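[1] Quick one, structure for this:
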Amino acid sequence: MANLDFITKEGMIYLQKRIQDLNDIRPSIIIRVQVAREQGDLSENAEYKAGKDELRMVDKEIDYLNRRSAKVMVLDPETIPKDKVRFGAFVRVVEISNNIETLYRLVGVDEVNFLEEGCNKISVASPIGLGMTGKEIGQIAIAKTPRGLREFKILEIY
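    Residues are numbered from 1 along each chain as shown. Model prediction:
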């Protein structure tokens, strides 16, 4: 199984919550579409078209999230050794070119947009994530990013 298929427990909880939230709003969208349909000519009914579009988007997202949550494997980062940068690890680094310290957490691709206080979540499949994976404290990680080569010194892994 590729790293793309891993997710943290928190990430899976978020996916399940998002599915539930979408399922909760879906009935109200259906009602709006039904009410708009009763207003007459559907060819010029903007509310009907907008409602159908919204329902289609919600259904597509529910379908995607259901398929994705069935495919991913939940890994508990606490069970993974902290001797090297791996999935789920928090990694404090300093970028060599500008001497800026940053805290990253390596997560699955489904978790990148989730907010976590004081931490930049990056995918293990991202250029920076790939560059850091397998590195130990004190080593230099090189990432081939759209901004060019970036070098990070690994300061701490937890």
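[2] List the buried residues in the host helix or strand of V93.
    Assigning secondary structure by DSSP states H and E places V93 in strand 90-95. For strand 90-95, burial by neighbour count (16 or more other CB atoms under 10 Å) applies to F90, V91, R92, V93, E95. Where C-beta positions appear, they are placed from N, C-alpha and C, glycine not excepted.
[3] wait, the third one sits on V85?
    No - when contacts are counted by CB atoms under 8 Å, R92 is not listed as touching V85 (10.7 Å).
[4] From K9, how far off is the residue nearest the centre of the chain?
    In the chain, the C-alpha nearest the mean C-alpha coordinate belongs to E111, at 2.4 Å (CA atoms, centre = their mean). Distance, E111 to K9, using CB to CB, to the nearest Å: 11 Å.
[5] Please apply the same query to V93.
    Shown here: V93 relative to K9, a distance of 24 Å by CB to CB.
[6] How is this protein divided into domains?
    As recorded under automatic domain parsing, the domains making up the chain are 3-74, 77-157.
[7] Perfect, that will be all.
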